[in-house]
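# Next come a sequence and a model predicted from it.
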Amino acid sequence: MKNRLVKSFFSSGLQAISIQIFGTIFFYIISLYLSKDAFGIISWGNATSSLIITILSCGLEQVMVRRVALSRSSDWAAVAYLIHAIVGGMVSLLVLLVVSLAGGNTTYSLQLLPYFFIAQSLVYIANPFKQYLNAREKFTPYAIVAFISNLGRIVVALLFIWAKTFNIYTTIYILMGSAVFELAALAFYTVKKTDLQFNFRFRAYKKLLMEARALYLAILFDSSLSRFDWFLMGIMKANSVTADYTFAYRAFEVARLPIMIIGPIILPKFARLFNSNNDKLAAQKKKQVIKFFSLEVFFAILMVLCLNIIWAPAIGYITGGKYGDSNATIFLILSVCIPLQFTINLLWTLTFSAKKYKAITIVTFITASLNIVLDVVLIHFYGGIGGALAFLLSVCIQATAYVFVVNKHIMTFSLWPLLIMAVAGAVSYFGAVYISDGVWPRLGIGVGTFLALTLLTRQVGRQHLDVLKLYLRR
């Protein structure tokens, strides 16, 4: 069991590192060797394609994972999701090609959009294979595929740079090639190494759609919290403004890496906790969840503290001054969302595992609607800072709403650990900045102060680590 835990954690971590770390290195290369305008166009194209893919998904991914994780007789859900992805991707590509041709030469970004979508849709078609393997807790295959694919992007990009032929078009070719590799590798492994039967049953597909219907709006509107601001920024502001914002946002996504590592591991385990008619947790389970939450928040705030202390000098150095000071405030605001997103991830997992799809839909609809309004207003007046503020306000409301849902339907849940450690983090940050001018002294003072405050207030301890081990061992 211990070896299985280590293997699952390593493989899930390798997936997340391959996607986020290597992905960020690749986009760092783009940001460094392409102009801000070109980088802004690439960011907008990928964001818009992601929004389209989310609309196509119909919420099938999460429902498929839950079904496959609970029963081996539900493999049909993965096949239904695969056929849905193939047909949806082809139809959407045809629509985009028509729109692009109709637009003529008026918008350069619009002309390139179908090419970005091809890369994204290939990854989308590969997703049923990936999620099927993850639901079976076979994290290693995709971890290896993602590692090779994302490392390959970097190597090929460096070769183009060495040959002095690196531009926006070669970037698109790299994205497409990487997507083709992932799809082919995952499809080959699934066919050769699993017992998945590729039998499509339309009635079963309709059943899956009906089950996902309540969740679909939640996923659809949740996408506005992660990419709508990119889409809107590219329309309302200059490409250089979009570049500053998306660069900071990419760094923010990397900082959320622990969520991506732990999330695929705990979702099947939480699903099994609720695999009964009773959607309430026992008292012992409640205490474990709270301790798990406190530990997540502790690491999240510690990470935010360190990143903001080193951001401007470190990013300015590695980008030759192109980024760093220009988007330090944007990153500060976005990074404050990280502890809140750890909170939302845990509460969403509890709510989803308890099959409270309607509650998820309502919460996300309200949050996303507010986010869209805030984006339109704040981006218009404040650009990238406005987009970051809109995201922060929306995430605060989303976390509060999920607390209400969990308290009503599942268990008593308090945000006190988050609030106490957030205050400790703020005191540590501003204290370090006030006391010292050097980066390393600031880092030492900030981390030392935060550790002392959290230990004195008993927000973390050995029992919290024991609970983390327990959940990962299940």
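Looks like it came in fine.

# What residue in this structure is the furthest from its centre?
Most distant residue from the mean C-alpha position of the chain: I435, 35.2 Å away (CA atoms, centre = their mean).

# helices and strands of this structure: which one bottoms out on pLDDT?
Every helix and strand of the chain was ranked by mean pLDDT, DSSP states H and E. The lowest is helix 2-16, at a mean of 51.

# Could you find the closest non-adjacent residue to the residue farthest from the centre of the chain?
Nearest residue to I435, sequence neighbours excluded (CB to CB, 6 or more residues apart in numbering): I445, at 5.7 Å. Any C-beta I mention is one placed from the backbone N, CA and C, and that applies to glycine too.

# Tell me which helix or strand that neighbour sits in.
Taking DSSP states H and E as the criterion, I445 maps to helix 439-456.

# who does that helix touch, helix- and strand-wise?
Packing contacts for helix 439-456, counted by 3 or more CB pairs under 8 Å, 6 or more residues apart in numbering; DSSP states H and E, involve helix 283-318, helix 416-435.

# Now do it: everything it contacts.
Contacts with helix 439-456, where a contact means CB atoms under 8 Å, 6 or more residues apart in numbering, come from 298, 301-302, 305-306, 309-310, 313-314, 421, 424-425, 427-429, 431-433, 435-436, 460-461.

# How far off centre is that helix?
Using CA atoms, centre = their mean, to the nearest Å, the distance from the centre of helix 439-456 to the centre of the chain it belongs to is 28 Å.

# How about that helix, which residues are buried there?
Along helix 439-456, these residues count as buried under the neighbour rule (16 or more other CB atoms under 10 Å): 442-443, 445-447, 449-450, 453-454.

# Report pLDDT for the closest residue to R136 other than its chain neighbours.
Here the nearest residue to R136 in space, its sequence neighbours aside, is V68; by CB to CB, 6+ apart that works out to 6.7 Å. What the model reports as pLDDT for V68 is 77.

# other SSEs contacting the strand or helix carrying V68?
V68 is part of helix 60-70, with elements assigned from DSSP H and E. Using 3+ CB pairs under 8 Å, 6+ apart as the contact criterion, the elements in contact with helix 60-70 are helix 76-103, helix 108-135, helix 202-222, helix 257-273, helix 337-353.

# ok, so of the buried residues of helix 439-456, who is nearest T361?
Of all those, T361 sits closest to T454, with 35.5 Å by CB to CB.

# follow-up on the earlier one: residues making contact with whichever helix or strand comes after the least confident helix or strand of the chain?
Scanning forward in sequence from helix 2-16, with DSSP H and E defining helices and strands, the next element found is helix 22-33. With CB under 8 Å, 6+ apart as the test, helix 22-33 has contacts from 38-39, 42, 147, 150-151, 153-154, 157-158, 161, 166, 171, 174, 243, 247, 250-251, 253-254, 318-320, 322-323.

# distance between helix 22-33 and the chain's centre?
18 Å.

# Next: stretch 404-422.
Centroid displacement of stretch 404-422 relative to its chain, using CA atoms, centre = their mean, is 22 Å.

# next one: stretch 229-243
Per CA atoms, centre = their mean, the centroid offset for stretch 229-243 relative to its chain is 20 Å.

# follow-up on the earlier one: output the helices and strands packed on helix 60-70 as CSV; include the columns mean pLDDT.
Formatted as CSV, the entries for the helices and strands packed on helix 60-70 read as follows, by pLDDT from 0 to 100:
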stretch, mean pLDDT
helix 76-103, 86
helix 108-135, 88
helix 202-222, 71
helix 257-273, 58
helix 337-353, 84
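
# Can you lay out these as TSV showing mean neighbour count?
Rendered in TSV, the data for the helices and strands packed on helix 60-70 read as follows (neighbours: other CB atoms under 10 Å):
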stretch	mean neighbour count
helix 76-103	17
helix 108-135	22
helix 202-222	17
helix 257-273	19
helix 337-353	23
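
# out of the ones you listed, nearest to T54?
Among these, the nearest to T54 by CB to CB is helix 202-222 (6.2 Å).

# Next one: M421 from F430, what distance?
According to CB to CB, to the nearest Å, M421 and F430 sit 15 Å apart.

# Which of the two has more residues huddled nearby?
Remark: of M421 and F430, M421 carries more neighbours, 23 against 11, as counted by other CB atoms under 10 Å.

# Next one, pLDDT for the residue lying closest to the more buried one once chain neighbours are set aside please.
Setting aside the residues directly before and after it, M421 is nearest to I301 in space (CB to CB, 6+ apart), at 5.1 Å. On pLDDT, I301 comes in at 92.

# from what I can see I301 touches P339, true?
Yes. Between I301 and P339 there is a contact at 5.2 Å, judged by CB atoms under 8 Å.

# Common neighbours of those two, please.
By the contact definition CB under 8 Å, 6+ apart, I301 and P339 are jointly contacted by 421-422.

# Quick check: closest non-adjacent residue to L208.
In space, L208 comes closest to A80 once its chain neighbours are excluded; the distance is 5.1 Å by CB to CB, 6+ apart.

# Roughly how far does the closest residue in space to T367 that isn't next to it in sequence sit from I362?
In space, T367 comes closest to Q398 once its chain neighbours are excluded; the distance is 4.1 Å by CB to CB, 6+ apart. For Q398, the distance to I362 (CB to CB) stands at 11 Å.

# between these two, who's got more neighbours?
Taking neighbours as other CB under 10 Å, Q398 and I362 compare with Q398 leading, 26 against 16.

# thought the more buried one was touching T343?
No. With contacts defined as CB under 8 Å, Q398 does not count as touching T343, sitting 9.3 Å away.

# Quick one: neighbours of the spatially closest residue to S326 that is not a sequence neighbour, just the number.
Computed as CB to CB, 6+ apart, the closest residue to S326 that is not its neighbour in sequence is D244, at 5.4 Å. One way to gauge burial is a neighbour count; for D244, by other CB under 10 Å, it gives 25.

# Three-state assignment for D244, please.
When states are read from DSSP: H, G, I helix; E, B strand; the rest coil, the local structure at D244 comes out as helix.

# And it, how far from H380?
16 Å.

# before we move on, what about A143?
42 Å.

# Give me the more crowded residue out of these two.
Ranked by neighbour count (other CB under 10 Å), A143 and H380 place A143 first, with 22 against 12.

# With A185 as the reference, measure out to that one.
With distances defined as CB to CB, the gap from A143 to A185 amounts to 12 Å.

# Could you do K356 as well?
Taking CB to CB as the measure, K356 and A185 are separated by 36 Å.
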